[in-house]
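Novice: coords below, sequence missing:
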């Protein structure tokens, strides 16, 4: 999330660096801190005025999103969750309603594997904090109790600008796709401002439009268990690449790894997978799909991808075996010395 004390100084520094670079090269780069990670911005062949405007747009959007969407710091989302617990109708803030509406659709398409209504469970595991847990996992009885209450997006009813929930266990945590939604908003504003070639990369999750000069944008997919890059992908115009991994937010206790991607069916961190990467034409949908496919695991990823209309998937299981559909396999270039075992699915 944005650290407000730092963001203005970082933003000013970033635009200064970009403007200085304008006279030396055609690739311009900056970084801002948001969503708990560095957000990298790379622009190709932009004017100084476009660069300065891009920095302003990105700064505005990230600050607005931080204020509205934070899962545990006081703001619009925490106020909305308080209202949802009452079971009464209330007016949903305009900054949240489109996210909640899209989250309901993605929840249905994923058969509930993408479930932003699990906020109470995420908090129980200790992930509603800037500091990761260090002690034992929650008591099994507490997890079982919350799972039995079946919090889900289907409990939320939308009527125009009004919302209500029929399940008091529903607590929204939009972290599983807010980053993608934010990137979509930023890209659309940048396109409207005249920028044609840009990548917005938030900790390895990104959307790219245009090209890097006479070649496509080329990005790396992180190796989930070793330092460095597992594979590289060349992007076509206007594509998003999102990865969900058990290395993003996790802690270890008694030799066991506990990560933040929870399986709604069990209440525990999803098992059997170390990372899932998807390519899609919409960043919010790619973000949600990467989470859902991680939960689905090696046995259910294919069906889930079909339901969510995802055409490119790469899943790495906990033994290092890689599952891909043929279209994804044609685009992936492995960057490791020992090529991993690959299991190809049917066409998506």
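Specialist: Thanks, I have the structure now. The structure presented is a predicted model; accordingly, all values stated were derived computationally and were not measured.
Novice: chain center to the host helix or strand of residue 49: distance?
Specialist: Using DSSP states H and E, residue 49 sits within helix 48-69. Remark: helix 48-69 is offset 18 Å from the chain centroid, using CA atoms, centre = their mean, to the nearest Å.
Novice: do the same with stretch 28-44
Specialist: Using CA atoms, centre = their mean, the offset of stretch 28-44 from its chain centre is 15 Å.
Novice: pLDDT score for the residue nearest to residue 186 when sequence neighbours are not counted?
Specialist: Of all residues not flanking residue 186 in the chain, residue 61 sits nearest, at 5.1 Å (CB to CB, 6 or more residues apart in numbering). Using the backbone N, CA and C atoms, a C-beta is placed for each residue, glycine as well. For residue 61, the pLDDT comes out at 87.
Novice: same check, this time on residue 19
Specialist: 36.
Novice: likewise for residue 24?
Specialist: So, for residue 24, pLDDT stands at 45.
Novice: sorry, back to before: elements contacting the helix holding residue 49?
Specialist: With contacts taken as 3 or more CB pairs under 8 Å, 6 or more residues apart in numbering; DSSP states H and E, helix 48-69 sits against helix 4-21, strand 27-34, strand 37-44, helix 76-86, helix 178-192.
Novice: would you map the helices across this protein?
Specialist: Taking DSSP state H, the helices of the chain run over residues 4-21, 48-69, 76-86, 97-109, 119-124, 140-148, 178-192, 283-307, 326-331.
Novice: end to end, how far does stretch 143-163 reach?
Specialist: Taking CA to CA, to the nearest Å as the measure, stretch 143-163 stretches 27 Å from start to finish.
Novice: now it: mean pLDDT?
Specialist: Averaged over stretch 143-163, pLDDT sits at 98.
Novice: what do you get for stretch 288-304?
Specialist: Stretch 288-304 comes out at a mean pLDDT of 98.
Novice: check stretch 173-189 too.
Specialist: Computed over stretch 173-189, the average pLDDT equals 93.
Novice: check what contacts it and list those residues.
Specialist: For stretch 173-189, contacts defined as CB atoms under 8 Å, 6 or more residues apart in numbering pick out 34-35, 57-58, 61-62, 65, 69, 71, 77, 99, 102-103, 106, 114, 116, 118-119, 122, 128, 198, 200, 202-203, 205-207, 209, 240, 242, 261, 282-288, 291.
Novice: how distant is it from the center of its chain?
Specialist: From the chain centre to the centre of stretch 173-189 is a distance of 8 Å (CA atoms, centre = their mean).
Novice: repeat that for stretch 170-180.
Specialist: 9 Å.
Novice: again, but for stretch 245-257
Specialist: That offset, for stretch 245-257, works out to 19 Å (CA atoms, centre = their mean).
Novice: straight-line length of it, end to end?
Specialist: Termini of stretch 245-257 sit 12 Å apart (CA to CA).
Novice: enumerate every residue touching the nearest residue to residue 109 once chain neighbours are set aside.
Specialist: Excluding the flanking residues, the one nearest residue 109 by CB to CB, 6+ apart is residue 308, at 4.9 Å. Taking CB under 8 Å, 6+ apart, we find residue 308 in contact with 106, 109-110, 285, 288-289, 292.
Novice: next, the contact list for the residue nearest to residue 186, please.
Specialist: Taking CB under 8 Å, 6+ apart as the test, what residue 61 contacts is 182, 185-186, 189.
Novice: before we move on, the earlier item: of the contacts of residue 308 - the most surrounded one?
Specialist: Among the contacts of residue 308, the one with the most neighbours (other CB atoms under 10 Å) is residue 288, at 34 neighbours.
Novice: next, count neighbours for the residue nearest to residue 168 when sequence neighbours are not counted.
Specialist: Sequence neighbours aside, residue 85 is the residue nearest to residue 168 in space, at 5.0 Å (criterion: CB to CB, 6+ apart). Look at residue 85: counted by other CB under 10 Å, it has 14 neighbours.
Novice: domain assignment for this protein?
Specialist: Using automatic domain parsing, the domains assigned to the chain come out as 4-64+177-344, 76-174.
Novice: does the residue nearest to residue 168 really touch residue 165, like I thought?
Specialist: Yes: using CB atoms under 8 Å, residue 85 is in contact with residue 165, at 7.4 Å.
Novice: show me the contacts for residue 168.
Specialist: By CB under 8 Å, 6+ apart, the contact list for residue 168 reads 84-85, 87.
Novice: any idea how far residue 112 is from the residue nearest to residue 168?
Specialist: Note on residue 85: its distance to residue 112, by CB to CB, to the nearest Å, is 21 Å.
Novice: right, and residue 335 touches residue 227 too?
Specialist: No: between residue 335 and residue 227 there is no contact under CB under 8 Å: 11.9 Å.
Novice: more neighbours, the two?
Specialist: residue 335 (13 against 6).
Novice: return the distance of residue 173 relative to residue 71.
Specialist: Using CB to CB, residue 173 is found at 4 Å from residue 71.
Novice: of the helices of the chain, give the one that comes closest to residue 345.
Specialist: helix 283-307 (5.0 Å; CB to CB).
Novice: tell me the angle the closest one makes with helix 97-109.
Specialist: Angle, helix 283-307 to helix 97-109, by axes from the mean of the first three to the mean of the last three CA atoms, to 10 degrees: 20 degrees.
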